[in-house]
Each structure stands twice: as C-alpha cells, then as structure tokens.
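Chemist: Following is a predicted model, sequence given first.
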Amino acid sequence: MKLSYREDLAGLSIRKNVGLIVNPIAGMGGSVGLKGTDGKEILEKALLLGAKPIAPRRAEIFLSHLKPLDGEINLLVGAGLVGEFEAKNIGFKNISIIGQRKDETTARDTKLVTEIMIKENVSLLVFCGGDGTARDIMDVAGIRVPVLGIPSGVKMHSAVFAVNPESAAQITIRFIRERLPLREA
C-alpha cells in the first residue's frame with residue numbers, strides 16, 4: 001500500500017533536541033564551606049571534608065519534572081557522569097549519548113560536549129552546575145543556542161540560571177511547547 005505525501009508527513013515525529021550537561025562536582029565545595037569546586041586540589045579538599053555530589057541529584061529532579069516531554073523531545077546527554085546516568089535513572093527513552101564515559105571530567109569535557117550538541121542542532125541547552133560551568137558553556141555556545149542553567153554550584157551570579165531544578169523544567173517545557181521569547185542576559 002502506498003501512502004500519500006500528507007500521510008507520510010503525518011507519520012513523522014518532529015522532535016526538538018534538548019541537550020543536558022551535568023557537572024558532577026558542581027557545588028561540592030560549597031557544601032563543606034569552600035568557595036566552589038574549581039580545580040582538582042579544591043575537589044580533593046572537599047572530598048576530604050566529606051563533600052557529596054549535589055549536581056546529579058538536582059539534574060534528576062529536573063529530569064523527573066521534564067519526563068512528560070519524553071515522547072516529544074530527543075534528549076542529548078553527556079556520557080556517563082555528564083548526564084547519561086541521570087537520564088537513564090529517570091527512565092528517558094529518547095536519549096542520545098554524547099562523548100565518552102570517564103571517571104573524572106573536566107571543563108574541557110563540558111566544552112567538547114557543548115560543541116557537539118550545538119552541531120546536533122539542540123533547540124535548548126540545559127546544564128546543571130555553577131558559574132564556572134556557565135562560563136565554560138558560554139565560551140563555546142555564545143549566543144548560537146539558548147542556554148538554561150539548573151543551579152547547583154556555590155557562586156550563582158549569572159542570569160542564565162533558573163531558581164531551582166523544578167522551575168528549570170517548567171521553563172524547558174514552556175520553551176518546547178509554547179515557543180517562549182528569548183533575550184540575551
């Protein structure tokens with residue numbers, strides 16, 4: 001049976017690509033009284049002081065509120081610690097994994113995943129981290145793609161951040177479904 005052109009198009013799922021990058025160490029320094037988690041030495045000190053990861057849980061909160069969009073979007077995530085584990089924990093089905101799994105990640109990994117996501121035409125790039133992560137992403141993305149931050153760090157001074165993971169999910173849903181207006185901030 002041959003389908004008409006209109007029926008062929010009706011069967012196509014036009015999904016938007018949403019990128020998610022998680023900085024797995026963001027906020028760990030602040031949880032033990034340090035001024036961030038910038039650099040390996042500060043991370044090691046934070047771990048010695050008993051710091052536990054914050055960003056992965058905040059990313060999962062965001063994703064759990066975003067789950068209703070699972071059939072409407074393609075979720076692009078960084079490999080392993082950079083978003084893949086959180087997306088799989090929440091049960092997202094439409095995911096594409098960007099990069100390679102590593103035991104430790106750096107700003108270079110964040111920048112590489114950002115560049116690949118932009119090349120994959122993400123409609124919105126969401127990240128979970130602090131101001132350092134925001135700077136790394138904006139160094140690559142500039143104004144080429146809308147960016148939204150899920151606050152997870154210590155130094156939260158940028159206008160790119162939502163108030164919390166739940167509001168980041170609400171903004172993302174409205175952006176995908178309602179075409180929210182954009183502005184540079």
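Modeler: Great, that's in hand.
Chemist: Grab the nearest non-local neighbour of Gln100.
Modeler: Closest residue to Gln100 apart from its sequence neighbours, by Cβ to Cβ, 6 or more residues apart in numbering: Ala79 at 5.5 Å. For glycine as for every other residue, the C-beta is placed from the backbone atoms N, C-alpha and C.
Chemist: so how far is Ala79 from the residue nearest the centre of the chain?
Modeler: Nearest to the mean C-alpha position of the chain, by Cα atoms, centre = their mean, lies Leu20 at 2.5 Å. Counting by Cβ to Cβ, to the nearest Å, the gap from Leu20 to Ala79 is 12 Å.
Chemist: repeat for Val18
Modeler: Taking Cβ to Cβ, one finds Val18 at 17 Å from Ala79.
Chemist: who's more crowded, these two?
Modeler: More neighbours surround Val18 than the other of Val18 and Ala79, with 24 against 17 (other Cβ atoms under 10 Å).
Chemist: before we move on, back to that, list the contacts of the residue nearest to the centre of the chain.
Modeler: 59, 62-63, 75-78, 83, 86-87, 126-128 (Cβ atoms under 8 Å, 6 or more residues apart in numbering).
Chemist: same thing but 10 Å
Modeler: 59, 62-63, 66, 75-78, 82-84, 86-87, 92, 95, 98, 113, 117, 122, 124-128, 150, 172 (Cβ atoms under 10 Å, 6 or more residues apart in numbering).
Chemist: Quick check: bridge partners of it?
Modeler: Val77, Val126 (DSSP bridges).
Chemist: Check what pLDDT it gets.
Modeler: Model confidence at Leu20, given as pLDDT, is 98.
Chemist: Show the residue spans covered by the strands in this protein.
Modeler: 16-22, 73-78, 95-98, 124-129, 147-151 (DSSP state E).
Chemist: hey, which of those strands is tucked in deepest?
Modeler: Mean neighbour count (mean count of other Cβ atoms under 10 Å) peaks for strand 124-129 among the strands of the chain, with a mean of 28.
Chemist: In PDB, please show the C-alpha coordinates belonging to that strand.
Modeler: Presented in PDB, the C-alpha positions along strand 124-129 are these (Å, rounded to 0.1, in the frame of the first residue of the first chain):
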ATOM      1  CA  LEU A 124      17.900  24.400  24.000                       C
ATOM      2  CA  LEU A 125      21.000  23.500  26.000                       C
ATOM      3  CA  VAL A 126      20.400  22.900  29.700                       C
ATOM      4  CA  PHE A 127      23.200  22.400  32.200                       C
ATOM      5  CA  CYS A 128      23.500  21.600  35.800                       C
ATOM      6  CA  GLY A 129      26.400  23.400  37.500                       C
END
